[in-house]
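Undergrad: Predicted coordinates and the sequence they were generated for:
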Amino acid sequence: MKRRANHEGSYVQRRGRWEACIRIAGHRYWVSGRTRQECRERLQALLLRHQAGQLAPPSRLTLEEWAREWLERGGWRPSTLRRYRQALAPLLLRLGRARLSRLEPWHIAVALGHLDVGSRTRELAYVALHACLNEALRMGLLASNPCSRVPRPRHQPREARDWTLQDMRRFLSCALSDPSPIAQMLALMLTTGLRPGEALGLRWDDVDLAAATLTVRRSVTWVGSEWHVGRPKTKAGERAVALPALAVSLLSRLPREGVYVFWRERPPYSKRISEKMTGLCERAGVPRRPAHYLRHAHASLLVHLGVDVKTAQRRLGHASANMTLDVYAHHLAEGERRLASLLNQALGG
């Protein structure tokens, strides 16, 4: 490694990339780049940050060590903690041993590009890492978040045919004819738009059959072999939902043998719900979908019936109307096309 003048650093080329080192205020800092000039510019940026009092001292703390600390003291909901752990796992296999202070945008971009996962998993890994490094920045462990200079991977969902009204009717008929509590729960989800966890958290004292309403007050989630009961994620999730006659009839037929509507001693595992959902789809002859799709199908029903966005937002428990628009934009677009056709007819086009 050839020594340069004071505050110009030392440079070396390894495996087609350049690395440079500089000592500032008694600490040694490393940078890397595709060219020598790129390294030189990054060293100059370090000096400028030092002069502005924005340069965090280097640490031997690794990304894996920091990620573990971040997850343990985050105070997350169980489902959020599980999601972050799963999202970070593939990236930590590649970057976990890297020192936090030496992590560069290039390292993150290469690691993301080499992940052998789907586009949604890659996007979630990026989001989790960005949040993790943002906290390191807030705690003074980093002077900047290298993830911020890496383009966010974009999930490209596969096109899948939505259920038609006839599909929904066939599925609902099969679910209502199945006496199992899980099948009845899936039928209620289609008629109310409840999330799976909200349906599992439904208690008999949340149901008012005389007023044809139910109140969402809690959600049940599984994390590994443990289940947790908690409040909905947002205040908007705590809501009253009007029941159609089909849902009132469904609930009135169920035996009141415990506190919760659809289970007694312990809620069913997610796998059991998925298996029942698959079986009902096959019996009904409709495209197979996961249980949470029933909420999506309910939203499409609301659009078909001409329900406005604000009303749909309240019924679905979204924190903002923007979320309703983002998640169900393609259904709303279909509604707009129907509206345009009606306007054309009314105006004699």
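TA: Looks like it arrived, so ask away.
Undergrad: how deep is residue 114 tucked in, by neighbour count?
TA: Using other C-beta atoms under 10 Å, residue 114 has 9 neighbouring residues. Heads up, the C-betas are built off the backbone N, CA and C, glycines and all.
Undergrad: Now do the contacts for it.
TA: Residue 114 makes contact with residue 94 under the criterion C-beta atoms under 8 Å, 6 or more residues apart in numbering.
Undergrad: Against residue 128, how distant is it?
TA: To residue 128, residue 114 is 17 Å away according to C-beta to C-beta, to the nearest Å.
Undergrad: ditto for residue 188
TA: Look at residue 188 and residue 128: by C-beta to C-beta, they are 33 Å apart.
Undergrad: And these two? Which one has more around it.
TA: More crowded of residue 188 and residue 128, by other C-beta under 10 Å: residue 188, with 26 against 22.
Undergrad: ok, that one - contacts?
TA: Applying C-beta under 8 Å, 6+ apart, the residues contacting residue 188 are 194, 199, 247, 250, 251.
Undergrad: just checking, the first one touches residue 241?
TA: Translated: residue 194. Yes - the criterion here is C-beta atoms under 8 Å, and residue 194 meets it with residue 241 at 7.2 Å.
Undergrad: Pull up the overlap in contacts between these two.
TA: residue 216.
Undergrad: These two: who's more crowded?
TA: Using other C-beta under 10 Å as the criterion, residue 194 and residue 241 rank with residue 194 on top: 25 against 21.
Undergrad: how much space is there between the more buried one and residue 115?
TA: Counting by C-beta to C-beta, the gap from residue 194 to residue 115 is 34 Å.
Undergrad: returning to that earlier point: what's the closest of the contacts of residue 188 to residue 322?
TA: Residue 322 lies nearest to residue 194 out of these, by C-beta to C-beta, at 21.3 Å.
Undergrad: Am I right that that closest one sits in a helix?
TA: No - Residue 194 is assigned coil when assessed by DSSP: H, G, I helix; E, B strand; the rest coil, not a helix.
Undergrad: Could you check the pLDDT of it?
TA: pLDDT for residue 194: 94.
Undergrad: So what does residue 10 have for phi and psi?
TA: Dihedral pair for residue 10: phi -120, psi 140, per degrees, to the nearest 10.
Undergrad: give me the number of residues near it?
TA: Neighbourhood size, residue 10 [other C-beta under 10 Å]: 16.
Undergrad: Return the per-residue confidence for it.
TA: 84.
Undergrad: Low-confidence stretches in the stretch 1-150 of the chain?
TA: Residues of the stretch 1-150 of the chain meeting the criterion pLDDT under 70: 1-8, 25-27, 53-59.
Undergrad: Helices of the chain, start to end?
TA: For the chain, applying DSSP state H gives helices covering 36-51, 63-72, 78-95, 105-113, 119-138, 165-177, 181-192, 196-200, 245-253, 270-284, 293-304, 309-316, 321-327, 329-346.
Undergrad: Can you give the contact residues for the longest one?
TA: Looking back up the chat, that one is helix 119-138. For helix 119-138, using C-beta under 8 Å, 6+ apart, the contacting residues are 66-67, 70, 83-84, 86-88, 90-91, 100, 103, 108, 112, 115, 117, 142-148, 150, 152-157.
Undergrad: Measure how it sits relative to helix 63-72, angle-wise.
TA: Orientation of helix 119-138 against helix 63-72 (axes from the mean of the first three to the mean of the last three C-alpha atoms, to 10 degrees) gives an angle of 90 degrees.
Undergrad: Check the offset of helix 119-138 from the chain's centre.
TA: Computed by C-alpha atoms, centre = their mean, to the nearest Å, the chain-centroid distance of helix 119-138 equals 12 Å.
Undergrad: same deal with the second one?
TA: The offset between the C-alpha centroid of helix 63-72 and the centroid of the whole chain comes to 20 Å, using C-alpha atoms, centre = their mean.
Undergrad: What of stretch 181-197?
TA: 21 Å.
Undergrad: Also stretch 82-102?
TA: The answer for stretch 82-102 is 18 Å, by C-alpha atoms, centre = their mean.
Undergrad: list the buried ones in it?
TA: 83-85, 87-88, 90-92, 94-96, 98, 100-102 (16 or more other C-beta atoms under 10 Å).
Undergrad: what's next to it, contact-wise?
TA: With C-beta under 8 Å, 6+ apart as the criterion, stretch 82-102 contacts 29-30, 56-67, 71, 74, 76, 103, 107-108, 111-112, 114-115, 117, 121, 124-125, 127-129, 131-132, 136, 141-142, 223-224.
Undergrad: mind redoing it with 7 Å?
TA: 30, 58-64, 66-67, 71, 76, 107, 111, 114-115, 117, 124-125, 127-129, 132, 136, 141-142, 223 (C-beta atoms under 7 Å, 6 or more residues apart in numbering).
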